[in-house]
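> what shape does this take:
(one chain, ligands or ions: 1)
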Amino acid sequence: MAEDIKKNAQEEEFVRPDFFRESDVKFTGGDKPWRWKEDGMTVTRTAAWAAPGCHDGCGVLVYTDKNGRLVKVEGDEENPFYNGRLCIRCLALPEVEYHPDRLLYPMKRDKADRGKNKWQRISWDEAYDIIETEFNKIKGEYGPESVVFSCGTGRGTAPYLVRICYSFGSPNYAYYLSGASCYVPRIAASNTMMGTYTVPDCSQYFIDRYDHPGWQPPAVIFIWGNNPLVSNADGNMGHWIIDCMKRGSKLVVVDPRLTWLASKADLWLQLRPGTDAALAMAMADTIIKEGIYDKDFVENWCYGFEEYSKRVAEYPVEKAARITWVPEEKIRRAARMMAQKPVSVQWGLALDMTKEAIPGSLSVASLWCITGNIDIPGGMIPTHQPFNIQTWNPPDPKEMLPLDVCEKRIGGKEYPMYEYGGVVLSQTDMTVDAMLTGKPYPIKGNFMLSTNPIACTGMQPETKMLKGFLNADINVVLDVFMTPTIMACADIVLPVATFPERDGIRSIYYYVQTINKAMEPVGECKSDMQITYELGKRFNPEAWPGDTLTEFFSHTMKEIGMSFEETREQNWVYPEYEYHKYENGKQRFDGIPGFNTPTGRIELYSTLFDEWGLEPLPFFEEPEEGPLSSPELMQEFPYVLTTGARHWSYFHSEHRQISRLRSLRPDPLVEMHPKTAAANGIKEGDWCWIENRLGKVKMRAKLSVGIDPRVVNCDHAWWYPERDPEKLYDVFEANVNQLVPAKFGRSGFGSNSKSLICKVYKAE
Ligand code: SF4
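Sure thing, here's the model as predicted:
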């Protein structure tokens, strides 16, 4: 079988790694239309895909009055994916819309005035003219690759940004996190190992949800390095976990902190941050030694089980308990729960944000593979963009750029795994180094869409990233509000419309819904799609089919068989979901049963890694600094520092100026055990310094018995919009990300955000 597959792969054109074949059957839904009148207001059914806020695309109803003003936002109860549930960030939208600090007009600033609050309002035409002229000047002098296009968490804007990047001719599209350590590593690990990305089956792929006759709730749900009630990570909603628990699912939570879900779990594994791989391998070793893996599935559909078994045998439970701080008996119990059927695993950023993120992710993903929990009801189900719509996964560079240009992508040769992450990025750390050193070539222009890297990203933002941006000839930033990044380095600012102010398409995970404009944008704001469409047409009109943005939307969704307007009339459209696709050839591009990997099987031993010179089996590596790797440093910095956990009220560095949200968490917090506080003379609410070898930040103490006394947890991405713009809103006083070194793992992915060390003491 492997021979046939390799031969076919060579004959085929480019195939996305996350391919699978959908059935032709479609379902549509919603009793109400997409717009109606109610109590003198207009109700527009739409989806909350940024800006502002997160990328979960929840179904919302936007209420506007007779003057077209936004009155309120409610959850759309008919929406089968979200069932009317909303979190407070969306409910606070009216304050966002009419906030006095919103950016309303395009603005420019003299390059000599970077860092100063000296802005001049300009027209859209002037802004576009400047960008076009300056970018083309760079292109002429240095080549198009010297302009980098970047965005924040991706969201619905990523494919448009990638398209404008490729329209301009640059192969460099970046996320400013060391080792692209948000989600992309897990996708790349899954795609190389399984030829697909999988998510927990909480019935979300069926329009009749929990009543669907072919679905069953997971017997056990693992929440691993993730707090889905707060973060609703990766389009998987926390409330689905609760819905499954109500239907009998047991819960295992792997988290250094006692989250609300951990408090309700059947088993809580309070591990030392950064040791997930050791825990997962010890669980695998237990499962194999106790003979409770799925022998049939392993024999027929997995590759490299023998080598894998030997590797995990290096992590017996006793050894893993010493590394992870999780008691032996709990590891064994977790392993036995993992070996049940069906089991789902909602994993999260904690895996991406360890330096060796890829072997860590492979260690965890192997667990649901050897237990045969793939593509079964209630297990881990393959996912991709329904109807191949490019609204989340952007185009591949090979689809739009000549090969010699693709080869100039920074880090492309060194880190081939970057082609498997769903979005083909330039390697972030090397890109920032290029800004600083001019090697392999200088970076002279930056186009940043809805990203605030000097507040958000853990790669020494003050000492590295800011200097890099300041080296550029021109920085263009698009956003909803002023940010420390704009104030520090932007030359042109473009004001972005929010989701109720624009049309668009929401398609993450298996259903499609149009985003429907409910109101006119405030000021002269334009949607990020409109901006990239208009500017992109200037660079390369052929890359943007259609005479209007709406026609372009219809083009990107052509496989659905309906135009944008026709899809809107349907409310939402689902392809039919089928389980066990690997058995009937639908999981592969060539129709041969198996998975979309070189061997056609799930590769517990990765043949691709072998080819790339990477270790083909999962492994664990101690965090660079920690109690086992640098005991001498622990004398000075005695605590393990973890960061990056989400809050109800904020999406990374956003929302700090929204009073309703700020009132929930007015200050940055450092969470520590009462014993830790007492040992350092700290009381609840005291201002403290958290310090490591890179610097120090100031936060208020929050005491909690739900955290190990050896660990402290810091809020991330803080700045103070109410403070002096010319001091960059004190972003470097409050932002723990500057304590995170710019370092990544062997694959080019991963970072150290979750497993640092520090000391903590009371501020004067
Ligand atoms: S998870 Fe919350 S902020 Fe994100 S779209 Fe849904 S309701 Fe809005």
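
> for the helix ranked longest in the chain, packing partners?
Using DSSP state H to assign secondary structure, the helix with the most residues in the chain is helix 124-142. Here helix 124-142 touches strand 107-108, strand 147-151, strand 445-449, strand 474-479, strand 492-495, helix 528-539, going by 3 or more CB pairs under 8 Å, 6 or more residues apart in numbering; DSSP states H and E. For glycine as for every other residue, the C-beta is placed from the backbone atoms N, C-alpha and C.

> in its sheet, what does the fifth one sit against?
In other words, strand 492-495. Strand 492-495 has its sheet partners listed here by DSSP bridges as strand 107-108 (antiparallel), strand 474-479 (parallel).

> what does it contact?
102-109, 119, 127, 130-131, 474-480, 482, 486, 523-526, 531 (CB atoms under 8 Å, 6 or more residues apart in numbering).

> tell me the helix or strand right after that strand.
Tracing the chain C-terminally past strand 492-495 and defining elements by DSSP states H and E, one meets strand 504-506 next.

> include mean pLDDT when you put the strands paired with strand 492-495 into JSON lines, please.
Below are the strands paired with strand 492-495 laid out as JSON lines (pLDDT from 0 to 100):
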{"stretch": "strand 107-108", "mean pLDDT": "98"}
{"stretch": "strand 474-479", "mean pLDDT": "97"}
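
> so which bits of the protein are right by the ligand?
Proximity of the chain to the ligand (CB under 6 Å from any ligand atom) is limited to residues 48, 53, 54, 56, 58, 86, 87, 89, 90, 232.

> out of these, list just those in helices.
Among the residues of the chain next to the ligand, the residues falling in helices (DSSP H) are 89, 90.

> quick check, the residue in the stretch 651-764 of the chain closest to the ligand?
Checking the stretch 651-764 of the chain residue by residue against the ligand with CB to the nearest ligand atom singles out residue 651 as nearest, at 6.6 Å.

> from what I can see that residue touches residue 51, true?
No - assessed by CB atoms under 8 Å, residue 651 is found out of contact with residue 51, at 9.8 Å.

> shared neighbours, these two?
What both residue 651 and residue 51 touch, as defined by CB under 8 Å, 6+ apart, is an empty set.

> where does the stretch 201-350 of the chain dip in pLDDT?
233, 235 (pLDDT under 70).

> tell me where it has helices.
Taking DSSP state H, counting those that start in this stretch, the helices of the stretch 201-350 of the chain run over residues 228-231, 238-246, 260-264, 276-289, 295-301, 305-312, 317-324, 328-338, 349-352.

> of those, which is nearest residue 673?
helix 260-264 (15.3 Å; CB to CB).

> what about that closest one, distance to the chain center?
Taking CA atoms, centre = their mean, to the nearest Å, one finds helix 260-264 lying 23 Å from the centre of the chain it belongs to.

> show me which residues of it are buried.
Using 16 or more other CB atoms under 10 Å as the test for burial, helix 260-264 gives 261, 262.

> what subset of the contacts of strand 492-495 is buried?
Using 16+ other CB under 10 Å as the threshold, 102-103, 105-109, 119, 127, 130-131, 474-480, 482, 486, 525-526, 531 are the buried ones among the contacts of strand 492-495.
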